[in-house]
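J.: would you be able to build a 3D model of this:
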Amino acid sequence: MDPTINTTAKRARKPFSIFKILLGLCLVVLFLAWAIIPAIRGYSLVENKRHFVPQATSAGVPVQDVQFQAVDGVRLSGWLALASPKAPTIILVHGFKENRMGMLPNARFLYQAGYNVLLYDSRGCGASDGWEITLGAREPDDVLGAVRYLKGRSDLLNKHFGLMGNSLGAGIVLLAAAREPAILATVADSSWIDEHAQLDRMYDVPIGRLTLPLLPYEPALVDQLIGAKLADTRPLAVINQIAPRAVFLIHSADDQNATTPPSGEHQLFAAAGEPKQEWIAPSGGHTGALKAHPQEYTQRVLSYFAHYL
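T.: Residues are numbered from 1 along each chain as shown. So this is what the prediction gives:
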């Protein structure tokens, strides 16, 4: 056999072998990237990098800095606006990865109407402790800690308490009110019914017009990160336990948020016991009824709290 032929064949095979190695490495990298997507997405869902310490000068109402503990020991920071020792106190709960600043419009009209107002940063938000939010699974412990803190203040002679929450905070106040008899009146603006919309997105990822299935471990990872079972976090399942204390549900008819469709509000209202109220604002979008209809929103909320507190 001609040795030059054998040498040529070896040279031809060498680039092909390198190509196979590179192709194999690319496939391994793609597989690892695919496999780790649920971990990255699950961690990003609960991690909150947007920590921001609100300044009292921006409140627009006279507030004092306060700190208290959630019932599970997490240290929380907030503001207390004292209108009168004899007035009821409304606790305000903000939305997803926000802080107390998001509830300032509510705090202002409530304070001007004569209510004491406590607005604080939920765990993992603002100036409060924690690196993560828990998507409503453990934040009700923050609310119960706020109630316990207010009960212990000697300068609050009136121990009647109300709750008001927006978006994620709306579901949180419903969950908390079901556990705390001292909460006499609850307002939930743009609430969610459960976390199934969030959980259903954990099994695939959209790529253009296609949907790529993923390894199904993201729900278990999120449960581990938040220290609770997300699937069991269901305002719809407990809203009936609030009765005979009052519930007021607010929702915009044009809410396009995937986790808070108007149909969810209808389910919540149907499941709630008496006394209950609802207002479907004709416009405003997600949590936007106050901005779109400030006079009617304010009048309805103040009338409700005046009646039940």
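
J.: which residue is nearest the middle of the chain?
T.: Leu168 (3.1 Å; C-alpha atoms, centre = their mean).

J.: name the nearest residue to that one, ignoring sequence neighbours.
T.: Phe96 (4.3 Å; C-beta to C-beta, 6 or more residues apart in numbering). In this view, the C-beta of every residue, glycine as well, is placed from N, C-alpha and C.

J.: please apply the same query to Asp155.
T.: Pro85 (5.6 Å).

J.: continuing past the helix or strand bottoming out on mean pLDDT in the chain, what's the next helix or strand?
T.: Within the chain, no helix or strand scores below helix 3-46, which has a mean of 78 by mean pLDDT, DSSP states H and E. In the C-terminal direction, the helix or strand that comes right after helix 3-46 (DSSP states H and E) is strand 64-69.

J.: show the average pLDDT along that following strand.
T.: Averaged across strand 64-69, pLDDT comes to 97.

J.: contact partners of it?
T.: Strand 64-69 is touched from outside by 56, 75-82, 118, 120, 145-146, 148-149, with contacts defined as C-beta atoms under 8 Å, 6 or more residues apart in numbering.

J.: give me that answer again for 10 Å
T.: For strand 64-69, contacts defined as C-beta atoms under 10 Å, 6 or more residues apart in numbering pick out 54, 56, 74-82, 118-120, 127-129, 141-142, 145-150, 152-153.

J.: which among the residues you listed end up buried?
T.: Buried members of these, counted by 16 or more other C-beta atoms under 10 Å: 54, 74, 76-82, 118-120, 127-129, 141-142, 145-147, 149-150, 153.

J.: narrow those residues to those in strands?
T.: 76-81, 118-120 (DSSP state E).

J.: export these to JSON lines and tack on pLDDT and distance to Gly284?
T.: Shown next, in JSON lines, are those (pLDDT from 0 to 100; distance: C-beta to C-beta, whole Å):
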{"residue": "Leu76", "pLDDT": "98", "distance to Gly284": "29"}
{"residue": "Ser77", "pLDDT": "97", "distance to Gly284": "30"}
{"residue": "Gly78", "pLDDT": "97", "distance to Gly284": "26"}
{"residue": "Trp79", "pLDDT": "97", "distance to Gly284": "26"}
{"residue": "Leu80", "pLDDT": "98", "distance to Gly284": "29"}
{"residue": "Ala81", "pLDDT": "97", "distance to Gly284": "25"}
{"residue": "Leu118", "pLDDT": "98", "distance to Gly284": "25"}
{"residue": "Leu119", "pLDDT": "97", "distance to Gly284": "21"}
{"residue": "Tyr120", "pLDDT": "97", "distance to Gly284": "25"}
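
J.: sketch out the strands for the stretch 101-250 of the chain, chain order is fine.
T.: 116-120, 161-166, 183-189, 204-207, 210-213, 246-252 (DSSP state E, counting those that start in this stretch).

J.: looking at the ones in strands among the buried ones among the contacts of strand 64-69, which two lie furthest apart in space?
T.: Maximum pairwise distance among these (C-beta to C-beta): 16.4 Å, between Leu76 and Ala81.

J.: secondary structure class for the residue nearest to Leu168?
T.: Secondary structure, DSSP: H, G, I helix; E, B strand; the rest coil: Phe96 is coil.

J.: Ile172 versus that one, what's the distance?
T.: The gap separating Phe96 from Ile172 is 10 Å, by C-beta to C-beta, to the nearest Å.

J.: those two: which is more packed in?
T.: For Phe96 versus Ile172, the count of surrounding residues by other C-beta atoms under 10 Å is larger for Ile172: 32 against 19.
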